[in-house]
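K.L.:
Here is a sequence with its predicted model. Questions after.
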Amino acid sequence: MSDPLPINVADYESIAEAACEPGYWGYVVGGAGDEVTLRENVAAFRRRVLRPRMLVDVSDVSTRTTVLGSEIAMPLGIAPTSLQRVAHPEGEGALARAASDAGTVYTLSSLASVRPRQLAEAAPDVLRWFQLYWSRDRGFTSELVSEAADAGFTALVLTVDLPAAGPRERDLRSGFKLPPELLMPNLPRTLTETEYFHDTLGEIVDTSLTWRDLEWLASECSLPLVVKGVLTAEDAALACEHGCAGVVVSNHGGRQLDGVSATLDALPEVADTVAGRAEIYLDGGIRRGTDVAMALALGARAGFVGRPALWGLAAGGEAGAAHVLELFRGEIALALLLLGCPTPAEVGPEHVRLRA
Ligand SMILES: Cc1cc2nc3c(=O)[nH]c(=O)nc-3n(C[C@H](O)[C@H](O)[C@H](O)COP(=O)(O)O)c2cc1C
(Lines give C-alpha, C1' and ligand atoms only; values in the text may rest on other atoms or scores of the structure.)
Protein backbone atom coordinates (compact mmCIF):
# COMPACT_ATOMS: atom_id res chain seq x y z
CA MET A 1 0.00 0.00 0.00
CA SER A 2 1.08 3.59 -0.48
CA ASP A 3 3.25 5.42 1.99
CA PRO A 4 2.14 7.81 3.49
CA LEU A 5 -1.30 6.29 4.03
CA PRO A 6 -4.22 7.79 2.11
CA ILE A 7 -6.01 10.46 4.09
CA ASN A 8 -9.52 9.88 2.86
CA VAL A 9 -11.67 7.22 1.22
CA ALA A 10 -11.62 8.88 -2.21
CA ASP A 11 -7.80 8.61 -2.23
CA TYR A 12 -8.25 4.85 -2.32
CA GLU A 13 -10.13 4.96 -5.60
CA SER A 14 -7.09 5.90 -7.72
CA ILE A 15 -4.79 3.52 -5.83
CA ALA A 16 -7.28 0.70 -6.44
CA GLU A 17 -7.65 1.58 -10.10
CA ALA A 18 -3.90 1.24 -10.61
CA ALA A 19 -4.00 -2.18 -8.89
CA CYS A 20 -6.87 -3.60 -10.96
CA GLU A 21 -7.14 -5.07 -14.41
CA PRO A 22 -9.06 -2.47 -16.54
CA GLY A 23 -12.02 -4.75 -17.40
CA TYR A 24 -12.63 -5.57 -13.75
CA TRP A 25 -12.20 -1.90 -12.80
CA GLY A 26 -14.94 -0.94 -15.26
CA TYR A 27 -17.13 -3.64 -13.71
CA VAL A 28 -16.60 -2.16 -10.22
CA VAL A 29 -17.04 1.53 -10.89
CA GLY A 30 -19.60 1.28 -13.66
CA GLY A 31 -23.37 1.56 -13.53
CA ALA A 32 -26.30 0.84 -15.80
CA GLY A 33 -27.05 2.62 -19.09
CA ASP A 34 -26.01 6.26 -19.07
CA GLU A 35 -25.00 5.99 -15.40
CA VAL A 36 -27.35 8.83 -14.42
CA THR A 37 -28.41 7.11 -11.19
CA LEU A 38 -24.80 6.18 -10.41
CA ARG A 39 -23.87 9.88 -10.42
CA GLU A 40 -27.10 10.92 -8.68
CA ASN A 41 -26.34 8.72 -5.67
CA VAL A 42 -23.28 10.84 -4.89
CA ALA A 43 -24.83 14.15 -6.03
CA ALA A 44 -27.82 13.76 -3.67
CA PHE A 45 -25.52 14.17 -0.66
CA ARG A 46 -24.15 17.40 -2.15
CA ARG A 47 -27.70 18.77 -2.60
CA ARG A 48 -28.16 18.85 1.15
CA VAL A 49 -26.54 20.75 3.97
CA LEU A 50 -26.11 19.80 7.58
CA ARG A 51 -27.60 21.90 10.41
CA PRO A 52 -25.28 21.57 13.40
CA ARG A 53 -26.19 22.62 16.94
CA MET A 54 -23.71 24.40 19.19
CA LEU A 55 -22.93 24.22 22.88
CA VAL A 56 -24.13 20.66 23.24
CA ASP A 57 -22.03 18.50 25.57
CA VAL A 58 -19.95 16.43 23.16
CA SER A 59 -17.27 15.42 25.65
CA ASP A 60 -18.29 11.78 25.22
CA VAL A 61 -19.20 10.89 21.63
CA SER A 62 -19.88 7.31 20.65
CA THR A 63 -20.40 5.98 17.13
CA ARG A 64 -21.80 2.68 18.44
CA THR A 65 -25.24 1.49 17.45
CA THR A 66 -27.11 -1.76 16.79
CA VAL A 67 -28.45 -3.50 13.71
CA LEU A 68 -31.15 -6.13 14.31
CA GLY A 69 -30.11 -6.22 17.95
CA SER A 70 -26.38 -6.76 17.38
CA GLU A 71 -24.01 -4.06 18.52
CA ILE A 72 -21.71 -2.52 15.90
CA ALA A 73 -18.96 0.05 16.37
CA MET A 74 -20.35 2.54 13.85
CA PRO A 75 -23.50 3.03 11.78
CA LEU A 76 -21.81 1.78 8.60
CA GLY A 77 -21.52 -1.79 7.29
CA ILE A 78 -20.29 -3.63 4.21
CA ALA A 79 -22.79 -4.11 1.38
CA PRO A 80 -22.69 -7.37 -0.60
CA THR A 81 -20.47 -7.22 -3.67
CA SER A 82 -19.57 -9.98 -6.10
CA LEU A 83 -16.16 -11.26 -7.17
CA GLN A 84 -14.12 -9.95 -4.26
CA ARG A 85 -11.41 -12.44 -5.10
CA VAL A 86 -10.75 -10.52 -8.32
CA ALA A 87 -10.05 -7.40 -6.25
CA HIS A 88 -7.60 -9.32 -4.07
CA PRO A 89 -6.55 -13.01 -3.84
CA GLU A 90 -7.83 -13.25 -0.26
CA GLY A 91 -11.18 -11.82 -1.38
CA GLU A 92 -14.18 -12.28 0.87
CA GLY A 93 -12.19 -13.58 3.86
CA ALA A 94 -9.97 -10.48 3.89
CA LEU A 95 -12.87 -8.04 3.64
CA ALA A 96 -14.84 -9.88 6.31
CA ARG A 97 -11.84 -9.83 8.68
CA ALA A 98 -11.47 -6.09 8.04
CA ALA A 99 -15.13 -5.66 9.00
CA SER A 100 -14.54 -7.79 12.07
CA ASP A 101 -11.57 -5.62 13.14
CA ALA A 102 -13.71 -2.52 12.60
CA GLY A 103 -16.49 -4.07 14.68
CA THR A 104 -19.08 -3.89 11.96
CA VAL A 105 -21.32 -6.08 9.83
CA TYR A 106 -20.21 -7.87 6.65
CA THR A 107 -22.72 -9.00 4.02
CA LEU A 108 -21.63 -12.01 1.96
CA SER A 109 -22.85 -11.88 -1.66
CA SER A 110 -24.51 -14.80 -3.41
CA LEU A 111 -21.91 -14.09 -6.11
CA ALA A 112 -19.01 -14.73 -3.74
CA SER A 113 -16.33 -17.30 -4.50
CA VAL A 114 -16.92 -18.98 -1.13
CA ARG A 115 -19.85 -20.78 0.44
CA PRO A 116 -21.31 -19.31 3.65
CA ARG A 117 -19.58 -21.93 5.83
CA GLN A 118 -16.18 -21.17 4.24
CA LEU A 119 -16.61 -17.47 4.99
CA ALA A 120 -17.43 -18.34 8.58
CA GLU A 121 -14.18 -20.32 8.80
CA ALA A 122 -12.17 -17.46 7.25
CA ALA A 123 -13.65 -14.79 9.55
CA PRO A 124 -15.21 -16.59 12.52
CA ASP A 125 -15.77 -13.47 14.63
CA VAL A 126 -17.43 -11.19 12.13
CA LEU A 127 -21.10 -10.23 12.44
CA ARG A 128 -22.31 -11.65 9.14
CA TRP A 129 -25.39 -11.41 6.97
CA PHE A 130 -26.01 -13.44 3.82
CA GLN A 131 -27.30 -11.82 0.62
CA LEU A 132 -29.54 -14.04 -1.45
CA TYR A 133 -30.19 -14.23 -5.16
CA TRP A 134 -33.19 -16.51 -5.12
CA SER A 135 -32.78 -19.10 -7.88
CA ARG A 136 -35.51 -21.00 -9.73
CA ASP A 137 -34.18 -24.14 -8.02
CA ARG A 138 -35.99 -23.97 -4.68
CA GLY A 139 -34.14 -26.99 -3.28
CA PHE A 140 -30.83 -25.23 -3.92
CA THR A 141 -32.08 -21.98 -2.39
CA SER A 142 -33.36 -23.81 0.67
CA GLU A 143 -30.01 -25.58 1.21
CA LEU A 144 -28.09 -22.35 0.77
CA VAL A 145 -30.09 -20.39 3.34
CA SER A 146 -29.96 -23.31 5.81
CA GLU A 147 -26.20 -23.44 5.44
CA ALA A 148 -25.98 -19.70 6.11
CA ALA A 149 -28.05 -20.04 9.29
CA ASP A 150 -25.94 -23.01 10.46
CA ALA A 151 -22.74 -21.07 9.74
CA GLY A 152 -23.67 -18.27 12.11
CA PHE A 153 -25.09 -15.73 9.67
CA THR A 154 -27.65 -13.69 11.56
CA ALA A 155 -29.81 -12.20 8.77
CA LEU A 156 -30.83 -12.97 5.24
CA VAL A 157 -30.61 -10.02 2.84
CA LEU A 158 -32.87 -10.68 -0.14
CA THR A 159 -31.92 -8.52 -3.12
CA VAL A 160 -35.17 -7.65 -4.87
CA ASP A 161 -33.98 -5.28 -7.59
CA LEU A 162 -32.42 -7.88 -9.88
CA PRO A 163 -35.01 -9.94 -11.77
CA ALA A 164 -32.50 -9.39 -14.61
CA ALA A 165 -29.12 -7.69 -14.64
CA GLY A 166 -29.06 -4.01 -15.62
CA PRO A 167 -27.31 -2.98 -18.84
CA ARG A 168 -23.64 -2.60 -17.94
CA GLU A 169 -22.26 -1.05 -21.09
CA ARG A 170 -18.72 -0.72 -19.74
CA ASP A 171 -18.57 -4.52 -19.52
CA LEU A 172 -19.87 -4.89 -23.06
CA ARG A 173 -17.17 -2.55 -24.30
CA SER A 174 -14.35 -4.14 -22.31
CA GLY A 175 -15.53 -7.71 -22.87
CA PHE A 176 -15.18 -8.35 -19.13
CA LYS A 177 -15.81 -11.99 -18.27
CA LEU A 178 -15.54 -14.05 -15.17
CA PRO A 179 -11.91 -15.15 -14.72
CA PRO A 180 -11.89 -18.90 -15.50
CA GLU A 181 -10.38 -19.94 -12.16
CA LEU A 182 -13.07 -18.14 -10.17
CA LEU A 183 -15.88 -20.27 -8.80
CA MET A 184 -19.37 -19.11 -7.89
CA PRO A 185 -20.42 -21.88 -5.50
CA ASN A 186 -23.63 -20.14 -4.42
CA LEU A 187 -25.19 -20.46 -7.86
CA PRO A 188 -27.04 -23.64 -8.81
CA ARG A 189 -24.87 -24.38 -11.84
CA THR A 190 -21.26 -23.88 -12.88
CA LEU A 191 -20.70 -21.09 -15.35
CA THR A 192 -18.72 -21.68 -18.51
CA GLU A 193 -15.75 -19.52 -19.37
CA THR A 194 -17.40 -17.76 -22.27
CA GLU A 195 -20.48 -16.65 -20.36
CA TYR A 196 -20.95 -13.05 -19.34
CA PHE A 197 -22.24 -13.98 -15.92
CA HIS A 198 -24.78 -11.20 -15.67
CA ASP A 199 -26.70 -12.73 -18.58
CA THR A 200 -26.60 -16.04 -16.77
CA LEU A 201 -27.84 -14.45 -13.59
CA GLY A 202 -31.00 -13.34 -15.40
CA GLU A 203 -31.59 -16.97 -16.29
CA ILE A 204 -30.87 -18.28 -12.77
CA VAL A 205 -32.90 -15.81 -10.70
CA ASP A 206 -36.59 -16.62 -10.27
CA THR A 207 -38.38 -13.77 -12.07
CA SER A 208 -41.82 -14.96 -10.97
CA LEU A 209 -41.28 -14.02 -7.31
CA THR A 210 -43.78 -11.77 -5.54
CA TRP A 211 -44.08 -10.52 -1.97
CA ARG A 212 -46.18 -13.60 -1.12
CA ASP A 213 -43.18 -15.87 -1.77
CA LEU A 214 -41.50 -14.38 1.28
CA GLU A 215 -43.71 -16.71 3.34
CA TRP A 216 -41.96 -19.71 1.76
CA LEU A 217 -38.55 -18.20 2.57
CA ALA A 218 -39.61 -17.60 6.16
CA SER A 219 -40.71 -21.24 6.41
CA GLU A 220 -37.31 -22.47 5.11
CA CYS A 221 -35.13 -20.24 7.22
CA SER A 222 -35.54 -18.78 10.66
CA LEU A 223 -33.26 -15.79 10.09
CA PRO A 224 -34.69 -12.26 10.09
CA LEU A 225 -35.28 -11.05 6.56
CA VAL A 226 -33.94 -7.78 5.16
CA VAL A 227 -35.12 -6.73 1.69
CA LYS A 228 -32.51 -4.85 -0.33
CA GLY A 229 -33.51 -2.62 -3.23
CA VAL A 230 -36.59 -0.76 -1.98
CA LEU A 231 -37.07 2.75 -3.43
CA THR A 232 -40.75 3.56 -2.85
CA ALA A 233 -43.21 4.02 0.00
CA GLU A 234 -45.44 1.35 -1.59
CA ASP A 235 -42.78 -1.36 -1.44
CA ALA A 236 -41.67 -0.24 2.00
CA ALA A 237 -45.25 -0.78 3.21
CA LEU A 238 -45.36 -4.26 1.63
CA ALA A 239 -42.04 -5.17 3.22
CA CYS A 240 -43.47 -4.28 6.64
CA GLU A 241 -46.73 -6.15 5.99
CA HIS A 242 -44.75 -9.25 5.03
CA GLY A 243 -42.77 -9.25 8.24
CA CYS A 244 -39.41 -7.96 7.04
CA ALA A 245 -37.11 -6.95 9.87
CA GLY A 246 -35.19 -4.51 7.71
CA VAL A 247 -35.31 -2.60 4.45
CA VAL A 248 -32.27 -1.42 2.49
CA VAL A 249 -33.00 1.68 0.46
CA SER A 250 -30.78 0.83 -2.47
CA ASN A 251 -30.62 1.09 -6.25
CA HIS A 252 -27.79 -1.45 -6.44
CA GLY A 253 -25.23 1.34 -6.68
CA GLY A 254 -26.83 2.63 -9.90
CA ARG A 255 -26.25 -0.73 -11.59
CA GLN A 256 -29.83 -1.80 -12.28
CA LEU A 257 -32.60 0.50 -13.57
CA ASP A 258 -30.92 3.69 -14.73
CA GLY A 259 -33.04 6.79 -14.12
CA VAL A 260 -34.32 5.86 -10.67
CA SER A 261 -33.82 8.34 -7.87
CA ALA A 262 -30.76 8.64 -5.72
CA THR A 263 -31.16 6.53 -2.62
CA LEU A 264 -30.89 9.56 -0.31
CA ASP A 265 -33.82 11.17 -2.17
CA ALA A 266 -35.92 7.99 -1.78
CA LEU A 267 -35.12 7.63 1.92
CA PRO A 268 -37.65 10.11 3.41
CA GLU A 269 -40.72 8.45 1.86
CA VAL A 270 -39.52 5.04 2.99
CA ALA A 271 -38.84 6.33 6.50
CA ASP A 272 -42.28 7.97 6.73
CA THR A 273 -44.01 4.75 5.67
CA VAL A 274 -41.99 2.31 7.72
CA ALA A 275 -42.44 4.51 10.80
CA GLY A 276 -40.46 2.27 13.12
CA ARG A 277 -41.95 -1.07 11.98
CA ALA A 278 -38.59 -2.23 10.55
CA GLU A 279 -35.01 -1.02 10.54
CA ILE A 280 -34.00 1.11 7.57
CA TYR A 281 -30.57 1.08 6.00
CA LEU A 282 -29.24 3.01 3.00
CA ASP A 283 -26.52 2.29 0.48
CA GLY A 284 -25.34 4.14 -2.62
CA GLY A 285 -22.89 7.00 -2.90
CA ILE A 286 -21.62 7.08 0.69
CA ARG A 287 -18.05 8.37 0.53
CA ARG A 288 -17.72 10.46 3.71
CA GLY A 289 -18.66 10.31 7.38
CA THR A 290 -20.86 13.36 6.77
CA ASP A 291 -22.78 11.30 4.16
CA VAL A 292 -23.55 8.75 6.87
CA ALA A 293 -24.75 11.60 9.12
CA MET A 294 -27.16 12.77 6.39
CA ALA A 295 -28.52 9.27 5.93
CA LEU A 296 -29.11 8.99 9.69
CA ALA A 297 -30.82 12.39 9.68
CA LEU A 298 -33.26 11.27 6.99
CA GLY A 299 -34.23 8.07 8.77
CA ALA A 300 -31.59 5.38 8.21
CA ARG A 301 -30.30 3.37 11.14
CA ALA A 302 -27.05 2.64 9.30
CA GLY A 303 -25.41 3.07 5.92
CA PHE A 304 -23.65 0.44 3.85
CA VAL A 305 -20.79 0.80 1.36
CA GLY A 306 -20.05 -1.25 -1.74
CA ARG A 307 -17.35 0.30 -3.90
CA PRO A 308 -15.32 2.05 -1.15
CA ALA A 309 -14.77 -1.30 0.58
CA LEU A 310 -13.64 -2.84 -2.72
CA TRP A 311 -11.22 0.06 -3.26
CA GLY A 312 -9.60 -0.65 0.09
CA LEU A 313 -9.49 -4.38 -0.62
CA ALA A 314 -7.96 -3.91 -4.08
CA ALA A 315 -5.44 -1.34 -2.82
CA GLY A 316 -4.19 -3.27 0.18
CA GLY A 317 -6.12 -6.45 0.99
CA GLU A 318 -7.36 -6.79 4.55
CA ALA A 319 -5.20 -3.86 5.77
CA GLY A 320 -6.44 -1.59 2.99
CA ALA A 321 -10.09 -2.39 3.68
CA ALA A 322 -9.53 -2.01 7.43
CA HIS A 323 -8.01 1.42 6.85
CA VAL A 324 -10.96 2.51 4.70
CA LEU A 325 -13.30 1.50 7.53
CA GLU A 326 -11.12 3.28 10.08
CA LEU A 327 -11.21 6.47 7.97
CA PHE A 328 -15.01 6.22 7.86
CA ARG A 329 -15.23 5.62 11.61
CA GLY A 330 -13.07 8.64 12.36
CA GLU A 331 -15.09 10.85 10.03
CA ILE A 332 -18.41 9.65 11.48
CA ALA A 333 -17.18 10.35 15.02
CA LEU A 334 -16.07 13.85 14.05
CA ALA A 335 -19.30 14.52 12.13
CA LEU A 336 -21.37 13.55 15.21
CA LEU A 337 -19.21 15.69 17.47
CA LEU A 338 -19.42 18.78 15.23
CA LEU A 339 -23.16 18.28 14.65
CA GLY A 340 -23.72 18.29 18.41
CA CYS A 341 -24.95 14.68 18.47
CA PRO A 342 -23.17 12.49 21.05
CA THR A 343 -24.70 9.30 19.54
CA PRO A 344 -26.06 8.24 16.14
CA ALA A 345 -29.57 8.08 17.63
CA GLU A 346 -29.51 11.81 18.27
CA VAL A 347 -29.18 12.71 14.59
CA GLY A 348 -32.63 13.68 13.31
CA PRO A 349 -34.42 15.45 10.46
CA GLU A 350 -33.63 18.80 12.05
CA HIS A 351 -29.94 18.22 11.30
CA VAL A 352 -30.29 18.37 7.51
CA ARG A 353 -32.04 20.45 4.87
CA LEU A 354 -31.96 20.88 1.12
CA ARG A 355 -29.38 23.37 -0.13
CA ALA A 356 -30.96 26.74 -0.90
C1 LIG B 1 -18.81 -4.45 -8.05
C2 LIG B 1 -20.15 -4.52 -7.39
C3 LIG B 1 -20.75 -5.76 -7.20
C4 LIG B 1 -21.99 -5.85 -6.57
N5 LIG B 1 -22.52 -7.09 -6.32
C6 LIG B 1 -23.70 -7.18 -5.65
C7 LIG B 1 -24.22 -8.46 -5.32
O8 LIG B 1 -23.64 -9.49 -5.62
N9 LIG B 1 -25.41 -8.48 -4.65
C10 LIG B 1 -26.09 -7.34 -4.29
O11 LIG B 1 -27.16 -7.42 -3.69
N12 LIG B 1 -25.59 -6.12 -4.58
C13 LIG B 1 -24.42 -6.02 -5.24
N14 LIG B 1 -23.89 -4.78 -5.50
C15 LIG B 1 -24.59 -3.57 -4.99
C16 LIG B 1 -24.08 -3.22 -3.59
O17 LIG B 1 -24.54 -4.15 -2.64
C18 LIG B 1 -24.56 -1.84 -3.14
O19 LIG B 1 -25.97 -1.75 -3.30
C20 LIG B 1 -23.89 -0.68 -3.89
O21 LIG B 1 -22.56 -0.98 -4.20
C22 LIG B 1 -23.94 0.59 -3.04
O23 LIG B 1 -23.40 1.68 -3.71
P24 LIG B 1 -21.87 2.19 -3.52
O25 LIG B 1 -21.02 1.27 -4.33
O26 LIG B 1 -21.93 3.57 -4.07
O27 LIG B 1 -21.54 2.13 -2.04
C28 LIG B 1 -22.66 -4.68 -6.15
C29 LIG B 1 -22.05 -3.42 -6.35
C30 LIG B 1 -20.80 -3.34 -6.96
C31 LIG B 1 -20.18 -1.99 -7.13
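P.N.:
It's in. Fair warning: this is a prediction, and the values are worked out from it, not measured in the lab.
K.L.:
switch to C-alpha atoms for all contacts and neighbour counts from now on
P.N.:
Noted.
K.L.:
residues in the stretch 251-356 of the chain within reach of the ligand, list them.
P.N.:
Proximity of the stretch 251-356 of the chain to the ligand, by C-alpha under 6 Å from any ligand atom, involves residues H252, G253, D283, G284, G285, I286, V305, G306, R307.
K.L.:
Tell me which two of those sit farthest apart.
P.N.:
With C-alpha to C-alpha as the measure, no two of these lie farther apart than H252 and I286, at 12.7 Å.
K.L.:
out of those two, which sits in the more crowded spot?
P.N.:
Taking other C-alpha atoms under 10 Å, H252 and I286 do not tie; H252 has more neighbours (28 against 25).
K.L.:
Just put the residues of the stretch 251-356 of the chain next to the ligand in CSV and tack on secondary structure and pLDDT.
P.N.:
As requested, these are exported to CSV (DSSP: H, G, I helix; E, B strand; the rest coil; pLDDT from 0 to 100):
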residue, secondary structure, pLDDT
H252, helix, 98
G253, helix, 98
D283, strand, 99
G284, coil, 98
G285, coil, 98
I286, coil, 99
V305, strand, 99
G306, coil, 98
R307, helix, 98
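K.L.:
which stretches of the stretch 1-150 of the chain form helices?
P.N.:
With DSSP state H, counting those that start in this stretch as the criterion, the stretch 1-150 of the chain has helices at 9-19, 22-29, 36-46, 84-87, 91-102, 116-122, 138-150.
K.L.:
So A345: helix, strand or coil?
P.N.:
helix (DSSP: H, G, I helix; E, B strand; the rest coil).
K.L.:
Determine the number of other residues adjacent to it.
P.N.:
Using other C-alpha under 10 Å: A345 sits among 14 other residues.
K.L.:
same check, this time on K177
P.N.:
By other C-alpha under 10 Å, 17 other residues sit near K177.
K.L.:
State the distance from it to T200.
P.N.:
12 Å (C-alpha to C-alpha, to the nearest Å).
K.L.:
Also P22?
P.N.:
Distance, P22 to T200, using C-alpha to C-alpha: 22 Å.
K.L.:
residues in contact with the residue of the stretch 1-150 of the chain found nearest the ligand?
P.N.:
Residue of the stretch 1-150 of the chain nearest the ligand, by C-alpha to the nearest ligand atom: T81 (3.4 Å). Counting by C-alpha atoms under 8 Å, 6 or more residues apart in numbering, T81 touches L108, S109, L111, A112, G306.
K.L.:
Tell me the confidence at it?
P.N.:
T81 carries a pLDDT value of 98.
K.L.:
distance of V36 from D258?
P.N.:
To D258, V36 is 6 Å away according to C-alpha to C-alpha.
K.L.:
helix or strand right after the worst-scoring helix or strand of the chain on mean pLDDT?
P.N.:
Lowest by mean pLDDT, DSSP states H and E among the helices and strands of the chain is helix 197-204, with a mean of 75. Later in the chain than helix 197-204, the nearest helix or strand by DSSP states H and E is helix 214-220.
K.L.:
Which elements pack onto the helix or strand that that next one is followed by?
P.N.:
As assigned by DSSP H and E, the chain's next helix or strand after helix 214-220 is strand 225-230. Secondary-structure packing of strand 225-230 (3 or more C-alpha pairs under 8 Å, 6 or more residues apart in numbering; DSSP states H and E): strand 156-159, strand 246-249.
K.L.:
Out of the ones you listed, which is the most enclosed?
P.N.:
Mean neighbours per residue, mean count of other C-alpha atoms under 10 Å, is largest over the helices and strands packed on strand 225-230 for strand 246-249, with a mean of 28.
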